[in-house]
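J.: Coordinates for the following, if possible.
(one chain, ligands or ions: 1)
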Amino acid sequence: MLPREVLQAISQADLPCIVYDGATVKQRAQSAASLLDRYYFPVKACPEPGVVRAALATGCGLDLCSAGDVEIASAVGCPGDRWKFTSPCADDRLLRRLCEAGAALDADSIEQALRWGSCGGQACGLRIAARRPKALYGSKFGMPARDIVAAAGQLANAVLRLEGLHLHDQHANLAPAEFALRLAEHLAEVSREVLRACRYVNIGGSWPMRHGNPASPDDLRQGLKLLRERLATLGFHGMLYGEPGRWVVGPCGYWAARVAAVKAHPRGEHHRVVVLDTNTPVPCRPSLAPFVVLRQGDLLQSPRRLFCDIFGSANTALDSIGVEVRLPVLEPGDVVVSVAQGAYTRSLIPPFNERDRPAAIVLDCSCP
Ligand SMILES: Cc1ncc(COP(=O)(O)O)c(C=O)c1O
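T.: Numbers count the residues shown, from 1 in each chain. So this is what the prediction gives:
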């Protein structure tokens, strides 16, 4: 559950910290790349330069969605022709910079696509909004599938090639076959003529992770085969791109924090309230993945007799890290490690209560 090097790093670190296992990042990014024609690692999922470098070592591209992401891509030495940008927020200066670097764009609207053309772009993709979006941000991103045909006409008039379609929605709680069928259902709403002419379809991220467990590469391979077959019946024979973040990097991070308090719980003697000395992400969702306890650098092996509600120490309404987690009898000063915290944990922790964010430690993956 806790690789030896991770345990060693945690026992030598100032706490709280998040340790990222670079070798696993690389191996999981390779796995994602093997399922697709092109994999773009979404920097937002974990912008630690060491983690981004570990993903890049597989030859993948980067999915960028802000000027800050572009800075990180530059800083880690990723060539511009491996950048792909998607965001409704991009001024002409940023579009020009992307264009000059040789980046690809999945435009968020027809207006943005036309501005891309006036900034020097010759081709782009268009992002589709799912008709009944499951993502928490609803219909904020992209454009309705039914408008794509008219948009393709406008792009042609502006001598801009429509080369792909992009569709990201929330699929984390689906099985791989359901994921594939939902994507196919949305893409079936696009005019066949447009779909047939596209070079790629980008299926975004949020890959199946039911109950917090990433779907296996084999099950995903079957699901994506089904998707390719469905798309072929719609006339699409191009390439499948994707940009899963949590599926790749989630399992690679270990969040370690010291126990600040262990208290009685209103639910009785078998329950405890455990408060850790760490700020928490906003939003913070209780983890479904395992927790371990360390005492003086070693795993505490005693039986897990207590049901613990684990909190951070931010004075926000929501800083629950774990609910009813089975743990051994623990005491202040012990270290609790929450596994599978590699995605969207550290980057979403604010400096609330004037606390520093947990330190980031990236274990080398021996990248070039
Ligand atoms: C466009 C796009 N691509 C990829 C991702 C990565 O999603 P995840 O980390 O859930 O796989 C996101 C996340 O919000 C996104 O908005």
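
J.: how about the residues of the stretch 101-250 of the chain near the ligand?
T.: On the criterion CB under 6 Å from any ligand atom, the ligand has as its neighbours in the stretch 101-250 of the chain the residues 168, 204-207, 243-247. Any C-beta I mention is one placed from the backbone N, CA and C, and that applies to glycine too.

J.: Show only the entries of those residues found in helices.
T.: Counted as lying in helices by DSSP state H, out of these, are 246-247.

J.: Which strands and helices lie in contact with the helix or strand L224 falls within?
T.: With elements taken from DSSP states H and E, the one containing L224 is helix 217-233. Packing partners of helix 217-233 (3 or more CB pairs under 8 Å, 6 or more residues apart in numbering; DSSP states H and E): helix 22-35, helix 176-187, strand 239-242.

J.: Now do the buried residues in the last one.
T.: Read that as strand 239-242. Using 16 or more other CB atoms under 10 Å as the test for burial, strand 239-242 gives 240-242.

J.: and if you look at the longest one?
T.: Residues of helix 22-35 classed as buried by neighbour count (16+ other CB under 10 Å): 22-26, 28-33, 35.

J.: Return the closest of those with respect to the ligand.
T.: Checking the buried residues of helix 22-35 against the ligand with CB to the nearest ligand atom, the nearest one is A32 at 9.5 Å.

J.: Just the CA atoms of stretch 243-263, as CSV, please.
T.: C-alpha atoms of stretch 243-263 as CSV (Å, rounded to 0.1, in the frame of the first residue of the first chain):
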residue,chain,number,x,y,z
GLU,A,243,-6.5,13.6,-21.6
PRO,A,244,-7.3,11.7,-18.3
GLY,A,245,-5.6,13.3,-15.3
ARG,A,246,-7.0,11.6,-12.2
TRP,A,247,-6.9,8.1,-13.7
VAL,A,248,-3.1,8.6,-14.4
VAL,A,249,-1.8,10.6,-11.4
GLY,A,250,-4.4,10.0,-8.7
PRO,A,251,-2.9,6.7,-7.5
CYS,A,252,0.6,8.2,-7.5
GLY,A,253,0.3,10.7,-4.6
TYR,A,254,0.5,10.1,-0.8
TRP,A,255,-0.6,12.9,1.5
ALA,A,256,1.0,12.7,4.9
ALA,A,257,0.1,14.8,7.9
ARG,A,258,0.6,14.6,11.6
VAL,A,259,-2.2,13.8,14.0
ALA,A,260,-3.0,17.0,16.0
ALA,A,261,-5.9,15.7,18.1
VAL,A,262,-7.7,12.4,18.7
LYS,A,263,-11.1,13.0,20.4
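
J.: As TSV, the residues of the stretch 101-250 of the chain next to the ligand with pLDDT and neighbour count would be great.
T.: Formatted as TSV, these follow (pLDDT from 0 to 100; neighbours: other CB atoms under 10 Å):
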residue	pLDDT	neighbour count
H168	93	27
G204	96	28
G205	96	25
S206	95	21
W207	97	25
E243	98	31
P244	98	32
G245	98	24
R246	97	21
W247	98	25
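
J.: At the geometric centre of this protein, which residue do we find?
T.: Nearest residue to the geometric centre of the chain (CA atoms, centre = their mean): G245, 2.7 Å.

J.: residues near the closest residue in space to that residue that isn't next to it in sequence, how many?
T.: With CB to CB, 6 or more residues apart in numbering as the measure, A45 is the residue that lies nearest to G245, at 2.6 Å, once sequence neighbours are left out. Per other CB atoms under 10 Å, the neighbour tally for A45 reads 23.

J.: Then G121?
T.: Neighbouring residues of G121 were enumerated by other CB under 10 Å; the total is 22.

J.: how about it, what does it touch?
T.: Shown in contact with G121 (CB atoms under 8 Å, 6 or more residues apart in numbering): 95, 99, 105, 160.

J.: Just the closest of those residues to the ligand, please.
T.: Sorting those by how near they are to the ligand, with CB to the nearest ligand atom, puts L105 at the top with 12.5 Å.

J.: I'd like the distance from the host helix or strand of V262 to the chain centre, please.
T.: With secondary structure defined by DSSP H and E, V262 is part of strand 253-265. If you compare the mean C-alpha spot of strand 253-265 with that of the full chain, they lie 25 Å apart, counting by CA atoms, centre = their mean, to the nearest Å.
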